[in-house]
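**Student:** Got a predicted model here, sequence first, then my questions.
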Amino acid sequence: MRLAAIFKEHMVLQREKEVRIFGEAKSGNVIRVEIDGITAESASTDGHFIVRLPKHAAGGPYTMTVTEIGVNETVIEIGDVYYGEVWIENGQSNIEFELQNSDGGEAELSEADFPLIRYFKCIKTPVIDDEVLQQEDGLEWKDFREGHFRDVSGIGYFFAKKLYAALKVPVGIIDCYQGGTSISCWLSEERLQKYPEGRVYQEEFAAAIEGQSEEDYDRLLLEYNAMVEKHLTLAAEAKAKNPEITPEELTEVAGDYPWPPPKGLRSAFRPSGLYHTMLERIAPIAARGILYYQGEEDSRRASGYAVLLSELIREFRALFDEKKLPVVILQLPMFIGRNEEDKRDWAYLREAQERAVLSSEATMLVPLIDCGEYDNVHPTDKKTPGERTAACVLEEIYEDHRDGVKCMQVREIQWKRGELLLQFANTYGRLKTCENALLDLRKEGSSGEDGHIYGFEVYISGQKAWVVPKVTVQGEELRIEAKEPIEGIRYGFFNYGKVNLYNAVGQPLCPFRRMKY
């Protein structure tokens, strides 16, 4: 018998939901699971088993006993098990970004003492082989104390800390992510094949590796790793000589980080690869929901992203055996590289994220339009997105713990000749402009000092162009003027720029684009 790697000492099981214990065992053998006076069992079929435990309230510690009943009985005991709230984190590098590298991370590492907040990190691997299986045997659940959680997701840490403070129950975070990944890496072959927007990833990959042998891929990978090592060495030397070196100066010395890596059948970035090697390894674990932060890698294909994200939401719910499993989408922040033209591809990707959320039940969107850094695709502020995400789920899922911090959204637009009147949901009594300490506006200057509202553009049909209008506040509404008829409006609809409109509790207006016709 082999339990899935996630079932280890110190683990957190989801309270008040059916819990699935699963793994591999000889077909026909019965697997019995016992915990806190509860016993459940199931027979292994085709070498796999799932034992379903009934709902259980928060609490612990408990010892779980898993017994394989066969010719030779096998017993596994797992101690220090708690029931609480479990969340899965999935996506690419910004949710992968570790606490130790985040703003304020070192202080958190030295001061945190949360034995009942725990996390499990999945192995990031493109293939499942004997070496990976051995590594899985050594995996463990860790808690947030004594500084040994340096590698936890920064967003996950701040999310879990706020959740624990509100709920006062154990919290478990499952880190299942890989930097640099496309949404296609997390979707199964069947779901990608359903849509032209998915098949294009499969076709592009097949064309890229046509005729490639394993030896070819190994050679390309060695060459790529050598380039990465050279870049990292030069960058480290430059930082050691000048700790205050700017990103531009660092690029002059070390060059850009080599990207993307070569494609191959053993690449972590192949379509559907991580669906099998990471997501399936933890499914169908019971969890309260999934946090998904991804999209940077797919900005060039923003037009098809909403279709694939909607399908991924369905994929999550099928994998984790819950038809209305909550899925929280963290919307992309601001970003533009130095000397880059703003093609608004990140804006279209944000819009696609919004469309997928609006078309899916039990799905939430966390706007990060006021976050981001110029020329840095990995902003180091992870506290804001982590805490904002926690506030979102407290508001939408944990009704007894609402603290009234919803982000502001457009509710109604009144189209009048030469002007628009905008009304908003979640103003909490008033609109305000804020000096934005979150978004690094070195490229644009400061925002909000003069009370001016930034980020709005309107489409003037006579000019066939988007122009910056005059915007005035009227209580909880905005009035936007133009001398010619307005046929469209958008806010924060660029890769990187000024936005500074907030509600009374300091939450930002979500970016949007609306057309009259």
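**Tutor:** All right, it came through fine.
**Student:** what ranges do the helices span in the stretch 301-450 of the chain?
**Tutor:** Using DSSP state H, counting those that start in this stretch, the helices of the stretch 301-450 of the chain run over residues 305-319, 345-358, 383-396.
**Student:** Just put those in CSV and tack on mean neighbour count.
**Tutor:** No exception for glycine: its C-beta is placed from N, CA and C like everyone else's. As requested, the helices of the stretch 301-450 of the chain are exported to CSV (neighbours: other CB atoms under 10 Å):
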stretch, mean neighbour count
helix 305-319, 21
helix 345-358, 21
helix 383-396, 22
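**Student:** where in the stretch 201-350 of the chain is pLDDT low?
**Tutor:** Across the stretch 201-350 of the chain, nothing is flagged by pLDDT under 70.
**Student:** quick one, strands of it?
**Tutor:** 289-293, 327-330 (DSSP state E, counting those that start in this stretch).
**Student:** could you say what helices and strands the first one packs with?
**Tutor:** Yep, that's strand 289-293 we're talking about. Packing contacts for strand 289-293, counted by 3 or more CB pairs under 8 Å, 6 or more residues apart in numbering; DSSP states H and E, involve strand 74-91, helix 93-96, helix 154-167, helix 305-319, strand 327-330, helix 383-396.
**Student:** Recalculate using a threshold of 10 Å.
**Tutor:** Counting contacts by 3 or more CB pairs under 10 Å, 6 or more residues apart in numbering; DSSP states H and E, strand 289-293 packs against strand 74-91, helix 93-96, helix 154-167, strand 171-177, helix 305-319, strand 327-330, strand 363-366, helix 383-396.
**Student:** Look up how far Ala57 lies from the nearest residue to Asn94 once chain neighbours are set aside.
**Tutor:** Leaving out its chain neighbours, the residue that sits closest to Asn94 by CB to CB, 6 or more residues apart in numbering is Tyr293, at 5.5 Å. As judged by CB to CB, to the nearest Å, Tyr293 and Ala57 stand 31 Å apart.
**Student:** what's around Asp218, how many residues?
**Tutor:** 13 (other CB atoms under 10 Å).
**Student:** Quick check, it in contact with Arg266.
**Tutor:** Yes: if you go by CB atoms under 10 Å, Asp218 and Arg266 touch, sitting 8.8 Å apart.
**Student:** How much space separates the nearest residue in space to Lys17 that is not next to it in sequence from Gly255?
**Tutor:** The shortest distance from Lys17 to any non-neighbouring residue, by CB to CB, 6+ apart, is to Ala286 (4.9 Å). To Gly255, Ala286 is 46 Å away according to CB to CB.
**Student:** what about the two, which has more around it?
**Tutor:** Ranked by neighbour count (other CB under 10 Å), Ala286 and Gly255 place Ala286 first, with 21 against 13.
**Student:** any idea of the mean pLDDT for stretch 70-84?
**Tutor:** The pLDDT scores in stretch 70-84 average 93.
**Student:** Check the offset of that stretch from the chain's centre.
**Tutor:** Put simply, stretch 70-84 sits 32 Å off its chain's centre (CA atoms, centre = their mean, to the nearest Å).
**Student:** same thing with stretch 256-274?
**Tutor:** In terms of CA atoms, centre = their mean, the centre of stretch 256-274 is set 19 Å apart from its chain centre.
**Student:** repeat for stretch 394-401
**Tutor:** So, by CA atoms, centre = their mean, the centroid of stretch 394-401 is 20 Å from its chain's centroid.
**Student:** Now tell me what touches it from outside.
**Tutor:** Here stretch 394-401 makes contact (CB atoms under 10 Å, 6 or more residues apart in numbering) with 85, 162-163, 165-168, 288-289, 326, 328, 362-364, 390-391, 393, 402-407, 426.
**Student:** Counting neighbours, which of those end up buried?
**Tutor:** Buried residues within the contacts of stretch 394-401, counting neighbours by 16 or more other CB atoms under 10 Å: 85, 162-163, 166-167, 288-289, 326, 328, 362-364, 390-391, 393, 405-407, 426.
**Student:** of Tyr293 and Ala57, who's got more company?
**Tutor:** Per other CB under 10 Å, whichever of Tyr293 and Ala57 has more neighbours is Tyr293, with 27 against 10.
**Student:** so who does the residue nearest to Lys382 when sequence neighbours are not counted touch?
**Tutor:** Once flanking residues are discounted, Lys382 sits nearest to Gly154: 3.1 Å by CB to CB, 6+ apart. Neighbour list for Gly154: 94-105, 108, 380-383, 385-386 [criterion: CB under 10 Å, 6+ apart].
**Student:** what does Gly138 give?
**Tutor:** Contacts of Gly138 by CB under 10 Å, 6+ apart are 5, 8, 123.
**Student:** out of those residues, which one sits closest to Leu250?
**Tutor:** Set against Leu250, the nearest of the contacts of Gly138 by CB to CB is Ile123 (31.0 Å).
**Student:** how much space between the closest residue to the closest one other than its chain neighbours and Arg314?
**Tutor:** Counting by CB to CB, 6+ apart, the nearest residue to Ile123 once its immediate chain neighbours are dropped is Gln135, at 5.5 Å. Per CB to CB, Gln135 is found 31 Å from Arg314.
**Student:** go on, Asp218?
**Tutor:** For Asp218, the distance to Arg314 equals 36 Å [CB to CB].
**Student:** cool, Glu223 as well?
**Tutor:** In terms of CB to CB, Glu223 sits 39 Å off from Arg314.
**Student:** Show the contacting residues for the residue nearest to Lys17.
**Tutor:** Counting by CB under 10 Å, 6+ apart, Ala286 has contacts 13-21, 52-53, 55, 86, 320-322, 325.
**Student:** same deal with Ser360?
**Tutor:** By CB under 10 Å, 6+ apart, the neighbours of Ser360 are 309-310, 312-314, 317, 324, 327, 329.
**Student:** out of those residues, who's nearest Pro196?
**Tutor:** Closest approach to Pro196 among those (CB to CB): Ser310, at 14.5 Å.
**Student:** residues in contact with the residue nearest to that closest one when sequence neighbours are not counted?
**Tutor:** Nearest residue to Ser310, sequence neighbours excluded (CB to CB, 6+ apart): Ala356, at 4.6 Å. The contact partners of Ala356, by CB under 10 Å, 6+ apart, come to 305-313, 327, 329, 363, 365.
**Student:** want to try a markdown table for those, with distance to Tyr374 as columns?
**Tutor:** Below are those laid out as a markdown table (distance: CB to CB, whole Å):
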| residue | distance to Tyr374 |
| --- | --- |
| Tyr305 | 24 |
| Ala306 | 27 |
| Val307 | 31 |
| Leu308 | 29 |
| Leu309 | 27 |
| Ser310 | 32 |
| Glu311 | 33 |
| Leu312 | 30 |
| Ile313 | 32 |
| Val327 | 30 |
| Ile329 | 24 |
| Thr363 | 31 |
| Leu365 | 24 |
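**Student:** between those, which is closest to Asn495?
**Tutor:** Nearest member of those to Asn495, counting by CB to CB, is Tyr305, at 15.1 Å.
**Student:** which residues does the closest one contact?
**Tutor:** Applying CB under 10 Å, 6+ apart, one finds that Tyr305 lies in contact with 182-183, 197, 294-295, 298-299, 312, 348-353, 355-356.
**Student:** wait, which of those is closest to Cys510?
**Tutor:** Nearest member of the contacts of Tyr305 to Cys510, counting by CB to CB, is Arg350, at 8.9 Å.
**Student:** hang on, isn't the closest one packed against Cys510?
**Tutor:** Yes: the criterion here is CB under 10 Å, and Arg350 meets it with Cys510 at 8.9 Å.
**Student:** who's sitting farthest from the centroid in this structure?
**Tutor:** Relative to the centre of the chain, the most outlying C-alpha is that of Val71, 45.1 Å out, by CA atoms, centre = their mean.
**Student:** ok, Val75 - how many residues close by?
**Tutor:** For Val75, the count of nearby residues is 11 (other CB under 10 Å).
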